[in-house]
Every structure is written in structure tokens, then in C-alpha cells.
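>>> need a 3D model of the sequence below.
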Amino acid sequence: LIPGTKVLLKKNPNYWDAKNIHIDNVELVSAPDKATVVSGLQTGVYNFADLAPSQAKAAKAAGLDVFVQPGFNASNISLNINKAPFNNPKVVDAVRYATNQQEFVDKLTFGYGKATNQPFPPGYVAYDPQSAKLFAYDPAKAKQLLEQAGYKPGQIKLDLVIMAEDPAAEIVQSQLAAVGITVTIKINKNWATPFFAKDLTLSLYGTTGRDSAAQTLTAHFGPNGPLNLSSPYEPDGFEDAIAKVRQTPLDAPDYPQVLQAATRVGLQSKALVFTYSSPNLFAKNKAISALPANPAHIDWTGVTIGG
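Predicted coordinates:
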């Protein structure tokens, strides 16, 4: 490891499946400018690179292989119900109904993402189909709930605190303005400190997922969850639901149902409004063979370079 520069990884000859690892060395570098990634792949500076959705079209036009890998990435709007106005459940529900997930997909993912209201992609064992229509987009209902909560249009003024420029913040600002909530976007490079201290009222966050679905659930919905801006709040029944997941063997016939039930309880949380999920995108030059589609992991098993 050379801090801030690169990491050099070498093949472990004692790895249990070493015969299927055909790459001797991998050098990981951080490209200082995303705009140089595609040209770097074309010229051979890189063989393989992480891609933003906005770069995929250019990568394909350059004759590169764009690899769409399943992922556990899910973005959300984080609310703190310990602070006004979100200590009023009607205001929380108004934000839920004011959120149009499809707009995030259309404007941010270049066709690669999907609207979601949960931290798991459709088809994954923890994804709860019964919650797919939960709090469907309904701005008229959002306005009605704000009126019931005693707020007139424009009366609620909120700071949306984020770490860096993010077009998702402008979408949130626009969607909430449409129902009468005024949002001011504020950038704080030290955003992580107040976020994890649970000092913010409104923010954006996302997850890249975890191998353990139960851990993903507790991180978002548990009383000590790092992604739960409303700690120590948790939805009613969540502790019992997650305990049942832990007590159920992974290979038990009813494990998927038990896990999805825990997701269903977690999604009653008033601390998170999920917006969209997206896969992991990579580009590689054609000298590298196809990579296994292992969700959320880069798997080099069987991969060769130059035939």
C-alpha cells in the first residue's frame, strides 16, 4: 500500500482455488479525474475501471466492454424524527408521498437503475414484494397531510445537508417544493461528523450493501444503526423480527419469508425514504475475459488477460 497512490495485490499461491486464478498481480489506483477513465482504458493505462452511469455510453462508443454487475446499492432520504418538523408523523408521511422515485432513476442512472422503496434489489432474498407499493407517489396526499399537520404551504423550511454537490439533492428540493416544503441545500465537507452524531434534520445517504441481509436491516432500522439518522428510534416490532431472522437457519425452507417479514417491519421506519437502486458498472478492455456476476463483489475466478 502506498497511501493516496496505489495498492499492489499479488496472487496467493496457497489460496484454496489458486488454479482458477490466472492473474498474478492487480494494481489498484484512484483516477484523479473521472473524465480520464475511458481514455485511460483505450490507451492501456488501465485494463479495468469503475464507471459512473454517465460514462457508460462513452465507454461503449470507445469499443470497451461495459460490465453491469448486480449490486446492493440503494439511495435514500434520511430524516431525523427527533427534530421538528419530523417529530410529526404526518410530515414524515408527506415526504414519503411527495417522493417520486422514478424521477431519480430517469435523471441519475442513465437507464441502469431502478426505483425502490427498500435497501434490497428486486429478486434478492430479502426484498419484500408485499412492500413494493408502500407509500406510492401521491403529491396531492402529501399536501393534504401537511395541511392536517397544521402547516401552510411554504411554512416548513429545511436545510438539506450533504457532503458534496449531488444532483439528487436538487431533485429532493424540487419534489418537496411541489408540495409546499422549502429546502435549502447546504454542503458540508465534514458532513459525516454531524450525520453519524445524529445532529442533522435532513440529509441524503446510500448503502453499498452487506453480505448479511440481517446486518443491512439493523444498520438502517436498528436503534444503533449507523444509517439510522433517528437513533435510538426503531419501528415497532423490529427487534423481534430481526431476532427471528437470526434464529432461523439460512437453509430453512421458511428463511426467505422470515427475512422478508423483517424487511416489511423495517420499512415502517419513519427515518428513511428510499429512492433508487443501481448496479455496479465497470468497463474493461477486450483483453480481459468475462467476469463472474457475483453480486456486489469483483470476482477474478477464471478471469484471464490476453486469452
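>>> now whatever helix or strand residue 140 lives in: how far from the chain's centre is it?
Element membership for residue 140 (DSSP states H and E) is helix 139-148. Centre-to-centre, helix 139-148 and its host chain are 28 Å apart (CA atoms, centre = their mean, to the nearest Å).
>>> now stretch 6-23
For stretch 6-23, the distance to the chain centre is 30 Å (CA atoms, centre = their mean).
>>> which other residues reach the helix or strand bottoming out on mean pLDDT in the chain?
Lowest by mean pLDDT, DSSP states H and E among the helices and strands of the chain is helix 37-43, with a mean of 88. Applying CB atoms under 8 Å, 6 or more residues apart in numbering, the contact partners of helix 37-43 are 31, 46-51, 55, 58-59, 62-64, 283-285. C-beta: built from backbone N, CA, C; applies to glycine.
>>> ok, 7 Å please
Helix 37-43 is contacted from outside by 31, 46, 49, 51, 55, 58-59, 62, 64, 283, 285, using CB atoms under 7 Å, 6 or more residues apart in numbering.
>>> next: stretch 218-231.
Contacting residues not belonging to stretch 218-231 are listed as 78-82, 119, 195-196, 198, 200, 203, 205, 207, 232-235, 238, 242, 266, 269-272 [CB under 7 Å, 6+ apart].
>>> for the top strand by length along the chain, buried residues please.
In the chain, taking DSSP state E as the definition, the longest strand is strand 65-79. Neighbour counts over strand 65-79 (16 or more other CB atoms under 10 Å) mark 65-67, 69, 71-79 as buried.
>>> of these, which is the nearest to residue 106?
residue 75 (14.0 Å; CB to CB).
>>> hey, where'd the helices end up in the stretch 151-300 of the chain?
167-177, 192-196, 213-221, 238-247, 255-266 (DSSP state H, counting those that start in this stretch).
>>> in TSV: those, plus mean neighbour count.
What follows is the helices of the stretch 151-300 of the chain, written out as TSV (neighbours: other CB atoms under 10 Å):
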stretch	mean neighbour count
helix 167-177	18
helix 192-196	14
helix 213-221	22
helix 238-247	16
helix 255-266	20
